[in-house]
Structure formats: structure tokens, C-alpha cells
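>>> Sequence and predicted structure below; questions after.
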Amino acid sequence: MSSPDQYVESSDGTRLALRRLGAGDPVVLVHGSGGGLHSWATVADQLARDHEVWLPARRGYGPSDVPPGPKSFTQETADLLAVVEAARQPTGRTVHVVGASYGATLALHTASADPRGIRSLAIFEPPLFAAGAEIAPLLARYRSAFARDDAAAMAAALNEVTRVPAAIVAALAASAGDRTPDPVEARRAATGWLHDLEALAGDSTDISRWSSITVPTLLLAGADTWEPMPTTMNTLARTIPAARYVVWAGQSHFVTMTAPTLVADALRQFFVEAPPA
């Protein structure tokens, strides 16, 4: 696991670990479920050539603090706003916010709640279909599997949340081969997933609420990502006024790892066209 460069304190005292790279206009990259300080690594290295890149580990993902009770998007919105405020110092410049997967859902919440420090918003495939009462029984199954450290049962519950097709699950397992995950890292990711599921279970599938977002917005998706993500992204593109929508042919939900240069170039071009800080 990467070591943090510093910590930022959220409004409730939660400590958020983060890494910082490069110099220039600030960019905050928000990781998805199962991620951490290592997420966005290759994309971040490329963006750091001409931007100051902030890489926080979200609440629940060590070395950031793990919440003592259930987590909510209200808490995580406060966390991300604290990171945005830290990135604005000392010049008061506004910040490009980029979120992937669960991190994209969090970025939407944050831009809707308080956009004042946000210069632009880039959103990659938020799982807006995975929320609310439908997630509650899957959260219960996952929590039970987590308590007995049953990796297979945890993975099965997560596959139902994300709706990954069985063929893709099998392909990912085959690509892993005989590699054994580091037990510390695996438990860290499992803990983070548990708290992400708590927030998702307390959230809504109502996409229309994001129509209030007015900051310049770029929506990104892979053409090969499974349903219901394409339908979700198409709906989101119709919902956010003047959002730009880019769909990458031949790419999927894993594009930040499989084609980081494609992602970094798209973000860099979008940042150039955003209004001045």
C-alpha cells in the first residue's frame, strides 16, 4: 500500500490520508470501492506532469480512519469537501474533481451539495442503479460474510451488487491464476467495501436529482461495460444540463487500469477547456 504524504481532517474529525503529486492547477481523483491510495496511480502519474494531483483514501479505507458505525454519503461529502478545501489553499483556486465508480457517485453528491470550490466535474460510470432498499439484503449478506472472513461469500454478494456478468467474473478469476492476495490488503479492501455498501443502502436510485449540477461536467463510459451501466449513463447524460458525454469503444469499467493514457488525455483536454479557476 502507498504511504500517505499528509492527512486532511474532515468536519467530524475523521482523518483522511492522501498522496500529492506534481504542480499546477489542482485535481482531486476519487477512487471507487475496493480502492485506496494506490488507485488512479498510472493516470495520476500522467496528470502530474502539468497538474497538482490529490489522491485521498476515502473514509473506511486505511490508512484513513475507519468509521465506528455505518457510513453515509453525507459524511463522505463532507470528507471530499475537506479535501477540496485543502487543495484550494493557499491561493483559493478552484479544483477539478474526478470520480470513478463509487467515487463518481460521491463526486455527484459533492457537486450537488456545495459546488463553490469545484472548477469542473468528471464522472466515470457511477453505479447509480446499485442503491436503496434493494442493496439492504446484500449488505446483510456481505456483513455476515465479512464477520467470518469468508472471501468467496463476500465476492458473491458484491457481484450481485455490481451485476458483473458471470463470464466476466470467470475471466477475472482466470487472469488472477494462482496469485494469492495480500491478506492485509484484502482485509483493508473488504472493510472499505462494507462501509461503501452501507452508504449505498442508504442512498437513492433517483437520477433526476443530479439535474441541479451546473459546474462543467464530463461524463465518461466504456462501450463494453455491462448493463445496466450503459442505460444508467445515458440517463445521466440527459439529466445534467450541458454535460459532455464520451463513450470509449473497446473499453469497460476497468479502463483506468487498461488504458490510463486514454483517460489522462481526455481529462487533460477537458481541464484546458474549463473556465478559469
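Ah, there it is. Since the model is a prediction, treat every value here as computed from it, not as a measurement. Residues are numbered from 1 along each chain as shown.
>>> For the rest of this, base every contact and every neighbour count on C-alpha atoms.
OK.
>>> now Asp114: how far from Ala243?
As for Asp114, its distance to Ala243 is 18 Å (criterion: C-alpha to C-alpha, to the nearest Å).
>>> who's in contact with the worst-scoring helix or strand of the chain on mean pLDDT?
Scoring the helices and strands of the chain by mean pLDDT, DSSP states H and E places helix 166-176 at the bottom, with a mean of 83. Identification of contacts with helix 166-176 by C-alpha atoms under 8 Å, 6 or more residues apart in numbering yields no residue at all.
>>> Quick check: next helix or strand after it?
helix 183-201 (DSSP states H and E).
>>> buried set for that following helix?
For helix 183-201, a neighbour-count test (16 or more other C-alpha atoms under 10 Å) marks 185, 187-201 as buried.
>>> and the nearest residue to Leu47 once chain neighbours are set aside, backbone torsions?
Sequence neighbours aside, Ala264 is the residue nearest to Leu47 in space, at 6.2 Å (criterion: C-alpha to C-alpha, 6 or more residues apart in numbering). Note on Ala264: its backbone torsions stand at phi -60, psi -40 [degrees, to the nearest 10].
>>> ditto for Ala57
Backbone torsions for Ala57, taken as degrees, to the nearest 10, come to phi -90, psi 120.
>>> which SSE is the residue nearest to Tyr102 when sequence neighbours are not counted in?
Excluding its sequence neighbours, the residue lying closest to Tyr102 (C-alpha to C-alpha, 6+ apart) is Gly32, at 4.6 Å. Under the criterion DSSP H and E, no helix or strand holds Gly32.
>>> ok, now Ala122?
Counting by DSSP H and E, the secondary-structure element that holds Ala122 is strand 118-124.
>>> Repeat that for Val247.
Taking DSSP H and E as the criterion, Val247 maps to strand 244-248.
>>> what's the spacing between the helix or strand that that strand is followed by and its chain's center?
As assigned by DSSP H and E, the chain's next helix or strand after strand 244-248 is helix 255-258. With C-alpha atoms, centre = their mean, to the nearest Å as the basis, the distance from the averaged C-alpha position of helix 255-258 to the chain average is 14 Å.
>>> what does stretch 217-229 give?
Relative to the chain's own centre, stretch 217-229 is displaced by 14 Å; criterion: C-alpha atoms, centre = their mean.
>>> Show the end-to-end separation of that stretch, please.
With C-alpha to C-alpha as the measure, the first residue of stretch 217-229 is 18 Å from its last.
>>> Report the buried residues of it.
217-226, 229.
>>> ok, now which ones touch the residue nearest to Ala136 when sequence neighbours are not counted?
Spatially, and ignoring its direct neighbours in sequence, Ala136 is nearest to Ala201 (5.4 Å; C-alpha to C-alpha, 6+ apart). Ala201 makes contacts with 131-136, 139, as judged by C-alpha under 8 Å, 6+ apart.
>>> From these, keep the buried residues only.
A residue is treated as buried here by neighbour count (16+ other C-alpha under 10 Å); on that basis the buried members of the contacts of Ala201 are 131-132, 135-136, 139.
>>> For Gly222, list each beta-bridge partner.
Each beta-bridge partner of Gly222 is listed here, defined by DSSP bridges: Trp248.
>>> Where does the closest residue to Ala130 other than its chain neighbours sit, in terms of helix or strand?
With C-alpha to C-alpha, 6+ apart as the measure, Val161 is the residue that lies nearest to Ala130, at 6.1 Å, once sequence neighbours are left out. Val161 is part of helix 151-162 when elements are defined by DSSP H and E.
>>> on that earlier part again, report the separation between the residue nearest to Leu47 and Gly99.
13 Å.
>>> more crowded one of the two?
Gly99 (23 against 20; other C-alpha atoms under 10 Å).
>>> Skipping adjacent residues, who's closest to that one in space?
Val30 (4.6 Å).
>>> and Glu85, that one's in a helix?
Yes. Assignment of Glu85 by DSSP: H, G, I helix; E, B strand; the rest coil places it within a helix.
>>> Ramachandran coordinates for the nearest residue to it once chain neighbours are set aside?
Setting aside the residues directly before and after it, Glu85 is nearest to Gly117 in space (C-alpha to C-alpha, 6+ apart), at 7.0 Å. Backbone dihedrals for Gly117, given as degrees, to the nearest 10, come out at phi -100, psi 0.
>>> and if you look at Ala130?
Dihedral angles (degrees, to the nearest 10) for Ala130: phi -100, psi 80.
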